[in-house]
Structure formats: C-alpha cells, structure tokens
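Undergrad: pasting the sequence and the predicted model now:
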Amino acid sequence: MFAIPLGDDGAELCPLEPWQAAEFLAHMDRGREFIGRHNGLPDVVTDLESSRAYLQTYADKAVADTGRLYGIRTDGKLVGGVLLRTLDVAQRTAEAGCWLEPSAVGRGLVTRAVRVLIDWAVEERGVHRVEWWVSSANGPSIAVARRLGMTRDGVLRESYAHRGQRHDMEIWSVLAPEWRAHR
C-alpha cells in the first residue's frame, strides 16, 4: 500500500479499501457524534456490513473513475478521511469532502490532505472545477475552503435534511487556473 506524507508530523494520506472495514468502523465509532454534527457518514456506517459496503462503493467509483476515498493517518492510526464524492472527467468537475475524529482536529490535516487531492484532480485528471459543499453551521470546514483559496458561489437555503433538521448548504469552488495561481 502507498502513503503520501502530509508533512513531517507522521501524518499521511492512504487509500481506504473494503478489506479495512473493521478499522474504518472503529474509527467512525471513535468520532461518531463529533463527525455526525454536520456529516451524514456516521449515520451510514453503523456496523461492519455497512462499513464494508461504504468502502466498496468508493472502490467501485475508483474503478469507474467517478470518485476516490483516502484515509488520513497519524502515526499509522486512521483519524479521518478525504474524498472526491463525485468525479466527472467528461465535465471536468469534482466535489471534495472530508471528516476528522476529535483527536485530529486543529492540526491542518484536512487542508493538507485536500491539497493533495485537488492537485491530483487538476493536474492528473484534468478537472477544471472542484466544489466543496458545506453546512453553513460548519465553521471549521468553511475555514478549510477559504485556506484552499476557494470562492463561495452561493447558499442553498434549507437544502440538506440532517438528523431531523433542515440546514443551509454553502457551495464553494476553485477553478483550475485559480488553484494553480493560489499554490
């Protein structure tokens, strides 16, 4: 398995695959409430079967070239992840996303990992526009979008139903020429 170093602090970006379902579930259990404040992933990954199915979905997307999923590890421990939830090479668009368990917050891991992901999407896959959809209530994720040099395109009011409430979703994006200039 390969790993891409995210700095000199022992953090790295690694693929997440179906055979890692037990580890992925344990990670999700450690961060379930924290991650679930703004992200529906903990409500999808609830047991070993659903963990394996989620990871298989992204293995299938990787084969079809329609998405990617990577884990963030610190000192070998899975603490978060980043993904291209969508990847449309024909339209040259993608949507990036992330999550972290509480022990990994505040170290810049998501920003560093998403930089690697966007670099790959833009330079290797020819993506022109990368989007970042985020709940308006998720300040840390909005801060990541800003650090990545993204522009807020707009707000979809009460467009996301999550745990019995409607949430506004902000759409942020960066275009390939902006990304290259920002780097």
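TA: Everything's here; your move.

Undergrad: separation between the residue of the chain most remote from its centre and residue 119?
TA: Among residues of the chain, the one most distant from the C-alpha centroid is residue 164; the distance is 23.2 Å, by CA atoms, centre = their mean. Applying CB to CB, to the nearest Å, one obtains 38 Å for the distance of residue 164 from residue 119. In this view, the C-beta of every residue, glycine as well, is placed from N, C-alpha and C.

Undergrad: quick one on the thing from earlier: now do the residue farthest from the centre of the chain, the pLDDT please.
TA: pLDDT for residue 164: 87.

Undergrad: what are the phi and psi values for it?
TA: Dihedral angles phi and psi of residue 164 (degrees, to the nearest 10) take the values phi 80, psi 10.

Undergrad: excluding its backbone neighbours, what's nearest residue 66?
TA: In space, residue 66 comes closest to residue 87 once its chain neighbours are excluded; the distance is 5.3 Å by CB to CB, 6 or more residues apart in numbering.

Undergrad: what helix or strand is the one you found located in?
TA: strand 77-88 (DSSP states H and E).

Undergrad: and residue 170, by the same measure?
TA: Going by DSSP H and E, residue 170 is in strand 165-175.

Undergrad: in the following helix or strand past that strand, what's buried?
TA: Of the helices and strands lying after strand 165-175 in sequence (DSSP H and E), the nearest is helix 176-182. Of the residues in helix 176-182, those scored as buried under the neighbour-count criterion (16 or more other CB atoms under 10 Å) are 176, 178-179.

Undergrad: what's the average pLDDT for helix 176-182?
TA: Mean predicted confidence for helix 176-182 is 96.

Undergrad: contacts for that helix, please.
TA: By CB atoms under 8 Å, 6 or more residues apart in numbering, the list of residues contacting helix 176-182 from outside reads 118-119, 122, 127-130, 148-149, 151, 174.

Undergrad: no further queries at this time; thank you.
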